[in-house]
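Colleague: have a look; sequence and predicted model below, questions after that.
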Amino acid sequence: MKKKSKFFKYFKEYRWSNVFAMIKNNRLDPKICNDEFTNKLVVVTGATSGIGYVTARKFASKGANLLCINRNREKSEALCEEIERDFDVSCNYELADLSKLDDIHRVARALSKLEKPIDVLIHNAGVYLTKRELTEDGLEKCFVVNYLSSFIINYLLMEKLKSQEKTRIILVNSEGYRFAAWGLKLDDLNWQKRRYSGLKSYGSAKLAQLLSMLVFDEYFKNSGVTINAMHPGAVRSNSGKDNGPFYKWFKKTFIDKNLRPADISAEALYYLGVSSEVEHISGKFFNLTTLEEPAPPAVDKEAAYELWNKSIELGRLNSNQMEGGIVGI
């Protein structure tokens, strides 16, 4: 299908009921899982603050051991010291700047060499930028941190996770993917041909993550590995902390006052990571813990396959390492 026809394709597929369901779901509380998770290994990216921090504490409070992937050594050491003291579990960390391809590859290789199985892998790290920034690899930063880093890590872990026969991958996504209402600009993922917008770049990166989930789900089918995405709720977090003083003032003065505590995100992530009620569910989008039908651009398999191939190229990956293959790629 020609790219110009995507607008009309999606326009025909949009349903008001989908939007009303999202609005309704935004008011709901997450389901609670009270099961223990003793001696299981949970990997969390971006665990030193916000949603990642409360999620790490939630899993640790239930007996899980943690491997956190963070940028800052001092904050990582403080986090692990706190968690080991409070919960008597193991907490380790790997340092990685998830905007840098070398760091992403390094940490993915470290995870792939773990002798222990990864029971839950939570891609939480993210960024919101009001101005376009390029990484040292020449890629748009929001796209790399919010999408490409999780893609590379998942891709390089595919064989390890599949061999484990039981793992849950959770993508901390966002209803913000709807800002990319007419789909991805697959010929301009680096925002060189159009005016940059913080909302649209964030939405595009989150949409890309949902599209990649469709393909990973095909690959992991019947393997025991599940991959799902979730909207963590409108909660207080450190999102946008890298922007200018005006944005930070606006966020603190007007946005944060209407937000809920990040604990609801942690409860939702724990439920999705542990509850037997979602054990066999994969390739789905949850608003906290409520299953939600994604908007049309997020279920476009044709776009997902094209993005997959572009991501392998942008992420400096080798397509030959994927055993078994996927129909459509």
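Modeller: On my side now, so go ahead. Numbers count the residues shown, from 1 in each chain.
Colleague: what's in contact with stretch 267-274?
Modeller: Stretch 267-274 is contacted from outside by 30-33, 35, 37, 42, 51, 55, 58-59, 62, 119-120, 122, 168, 170, 172, 228, 230, 232-233, 277-278, 286, 288-289, using Cβ atoms under 8 Å, 6 or more residues apart in numbering. From N, CA and C alone the C-beta is placed, and that goes for glycine too.
Colleague: of these, grab the buried ones for PyMOL.
Modeller: The PyMOL selection below is limited to those of the contacts of stretch 267-274 classed as buried (16 or more other Cβ atoms under 10 Å):
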select buried, resi 30+31+33+37+42+51+55+58+59+62+119+120+122+168+170+172+228+230+232+233+278+286+288+289
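Colleague: just the ones of the contacts of stretch 267-274 in strands?
Modeller: 42, 120, 122, 168, 170, 172, 228, 230, 286 (DSSP state E).
Colleague: include pLDDT and distance to Tyr271 when you put those into CSV, please.
Modeller: Shown next, in CSV, are the ones in strands among the contacts of stretch 267-274 (pLDDT from 0 to 100; distance: Cβ to Cβ, whole Å):
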residue, pLDDT, distance to Tyr271
Val42, 98, 14
Val120, 98, 11
Ile122, 98, 12
Arg168, 98, 11
Ile170, 98, 10
Val172, 97, 14
Asn228, 98, 11
Met230, 97, 10
Phe286, 98, 9
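Colleague: closest to Arg194 out of those residues?
Modeller: Val172 (26.6 Å; Cβ to Cβ).
Colleague: what sits closest to the closest one if chain neighbours are left out?
Modeller: Among residues not flanking Val172 along the chain, Asn124 sits closest, at 4.5 Å (Cβ to Cβ, 6 or more residues apart in numbering).
Colleague: show me what contacts the one you found?
Modeller: Going by Cβ under 8 Å, 6+ apart, Asn124 touches 44-47, 51-52, 55, 172.
Colleague: state the pLDDT value of it.
Modeller: pLDDT, Asn124: 97.
Colleague: gap between it and Ser150?
Modeller: 9 Å (Cβ to Cβ, to the nearest Å).
Colleague: before we move on, what about Glu313?
Modeller: When distance is defined by Cβ to Cβ, Glu313 is 17 Å away from Ser150.
Colleague: neighbour count winner among those two?
Modeller: Legend: neighbour count by other Cβ atoms under 10 Å for Glu313 and Ser150, higher for Ser150 (30 against 9).
Colleague: contact partners for the more buried one?
Modeller: 45, 123, 171, 209, 212.
Colleague: the second one - how many residues pack around it?
Modeller: Right, His123. Applying other Cβ under 10 Å, we find 26 residues neighbouring His123.
Colleague: now it. Nearest residue, chain neighbours left out?
Modeller: Closest to His123 by Cβ to Cβ, 6+ apart is Ser150, at 4.0 Å.
Colleague: please tell me how far that neighbour sits from Asp88.
Modeller: For Ser150, the distance to Asp88 (Cβ to Cβ) stands at 30 Å.
Colleague: low-confidence ranges, this structure, go.
Modeller: 1-5, 238-258, 320-329 (pLDDT under 70).
Colleague: how about the lengthiest helix in it as CSV, C-alpha atoms only?
Modeller: Of all the segments of type helix in the chain, defined by DSSP state H, the longest one is helix 198-219. This file holds the C-alpha atoms of helix 198-219, laid out as CSV (Å, rounded to 0.1, in the frame of the first residue of the first chain):
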residue,chain,number,x,y,z
GLY,A,198,7.8,17.0,21.4
LEU,A,199,4.3,15.4,21.5
LYS,A,200,4.6,14.0,18.0
SER,A,201,8.1,12.6,18.4
TYR,A,202,7.1,11.0,21.8
GLY,A,203,4.0,9.6,20.2
SER,A,204,5.9,8.2,17.2
ALA,A,205,8.5,6.5,19.5
LYS,A,206,5.7,4.9,21.6
LEU,A,207,3.8,3.9,18.4
ALA,A,208,7.0,2.3,17.1
GLN,A,209,7.3,0.3,20.3
LEU,A,210,3.8,-1.0,19.9
LEU,A,211,4.4,-2.0,16.3
SER,A,212,7.6,-3.8,17.2
MET,A,213,5.6,-5.7,19.9
LEU,A,214,3.4,-7.2,17.2
VAL,A,215,6.5,-8.8,15.5
PHE,A,216,8.2,-9.9,18.7
ASP,A,217,4.9,-11.5,19.7
GLU,A,218,4.9,-13.5,16.4
TYR,A,219,8.4,-14.6,17.0
